[in-house]
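Q: Quick check, what structure comes out for this input:
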Amino acid sequence: MVPMTADDCVAMQALIDAIDSPLCLTRQRLCTPVALVDGTGPLQQTFVTVVFPIPQWHTGDVFQFNTLLFSNLTSVNEGRGMRALSTLNFFASHAPRISCTPSETVAFDATQHVRTELYRGHGLVAETIRGTFSDEHLRLDELYMSHGKLSNTFPSQIANRLQGTGAGRTTLDLDPELLARCPLFTSIAQQNIECATTKDGDLQGQHARVGSSVYYVHQVFGTDDTQADDSSIDM
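A: Numbering: from 1, shown residues only. Prediction:
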């Protein structure tokens, strides 16, 4: 294991400082331990954090860091303290992800991400859709979208349930496991979550998402209840 030098820390810190938004990488200086105090009195605990850079000369896929840090146990030896040495070591076998890069907008064909199922009558009997039915339009009763950072955030199988309203329309009960992983987004106070589900449409029409005045679905055919059989909502 090749040791990292103070020059490596200085060089990497200079690269971070040159970024327009350096705090997107780290909020503390590289290679500089920071003490964090939690609690008071006998329950008080002190944690030490330190951010190590990966020098540019390191080109391998395995990273090892030796975190032997000296600290002073000030509460022992009648206040005289005692020098202590941590023995924590760890390694990571995954290459780091690139941060602070410009956002990238990816366009997609919505028809590749939408599954349509047809249920007939108040008994909600599933019908197999054959052909294109180019002269007909679907009536969209409810629309939810789940948004996750990673594909494995979602359950491997999702079993939503349909509930009839008694008027030929339906509502959707979302899979409990889906809601556990991707809860409904109901408040802008929900921050730092890996996955969220938004309700974007129902029998009353399109919904504006929480914290936004933008509609993500729009009615493109049909203007009132008399034309509801020939209406659709486009994503």
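Q: contacting residues around the helix or strand hosting V48?
A: Mapping V48 onto the secondary structure by DSSP states H and E places it in strand 45-49. Contact partners of strand 45-49, identified using C-beta atoms under 8 Å, 6 or more residues apart in numbering, comprise Q28, P33, V34, A35, L36, V37, D38, G39, L69, S71, S86. C-beta coordinates here come from the backbone N, C-alpha and C atoms, glycine included.
Q: So which of those sit within strands?
A: Members of those lying in strands (criterion: DSSP state E): V34, A35, L36, V37, D38, S71.
Q: ok, and for the helix ranked longest in the chain, which residues are buried?
A: Secondary structure of the chain read by DSSP state H shows that its longest helix is helix 6-17. The neighbour-count check on helix 6-17 (16 or more other C-beta atoms under 10 Å) flags D8, C9, M12, Q13, I16 as buried.
Q: contacting residues around it?
A: P22, L25, T26, R29, L30, C31, P53, I54, P55, Q56.
Q: Just give me the closest of these to T198.
A: Nearest to T198 among those: L25, at 29.6 Å, using C-beta to C-beta.
Q: Measure how buried that closest one is and give me the count.
A: When neighbours are counted by other C-beta atoms under 10 Å, L25 registers 15.
Q: Same check on T198?
A: When neighbours are counted by other C-beta under 10 Å, T198 comes out with 19.
Q: Next, give phi and psi for it.
A: phi -110, psi 140 (degrees, to the nearest 10).
Q: Show me the beta-bridge partners of it.
A: Beta-bridge pairing for T198 (DSSP bridges): M145.
Q: so who does it touch?
A: Contacts of T198 (C-beta under 8 Å, 6+ apart): Y144, M145, H147, L184, F185, H207, R209, V210, Y216.
Q: Nearest to L178 among those residues?
A: Y144 (9.0 Å).
Q: Is it correct that that closest one is in contact with L172?
A: Yes - in this structure, Y144 is within contact of L172 by C-beta atoms under 8 Å, at 6.7 Å.
Q: Any chance of the backbone angles for the residue most central in space within the chain?
A: Nearest residue to the geometric centre of the chain (C-alpha atoms, centre = their mean): E194, 2.6 Å. Note on E194: its backbone torsions stand at phi -80, psi -20 [degrees, to the nearest 10].
Q: could you list every residue that touches it?
A: Counted by C-beta under 8 Å, 6+ apart, E194 has contacts G148, K149, L150, T153, R181.
Q: what's the nearest residue to P53 if we skip its chain neighbours?
A: Among residues not flanking P53 along the chain, M12 sits closest, at 3.6 Å (C-beta to C-beta, 6 or more residues apart in numbering).
Q: and E78, backbone torsions?
A: phi 50, psi 40.
Q: Helix, strand, or coil at L162?
A: Under the three-state scheme (DSSP: H, G, I helix; E, B strand; the rest coil), L162 adopts strand.
Q: pLDDT at it, what is it?
A: Each residue has a pLDDT score; the one for L162 is 85.
Q: average pLDDT for stretch 3-14?
A: 89.
Q: same thing with stretch 100-109?
A: 66.
Q: what about R181, how many neighbours?
A: 20.
Q: how about it, what does it touch?
A: By C-beta under 8 Å, 6+ apart, the neighbours of R181 are G148, T153, F154, P155, E194, C195.
Q: which one of those residues sits closest to S75?
A: E194 (39.0 Å).
Q: Quick check: closest non-adjacent residue to L172.
A: With C-beta to C-beta, 6+ apart, the residue lying closest to L172 is E142, at 4.7 Å.
Q: What is the burial count for that neighbour?
A: 18.
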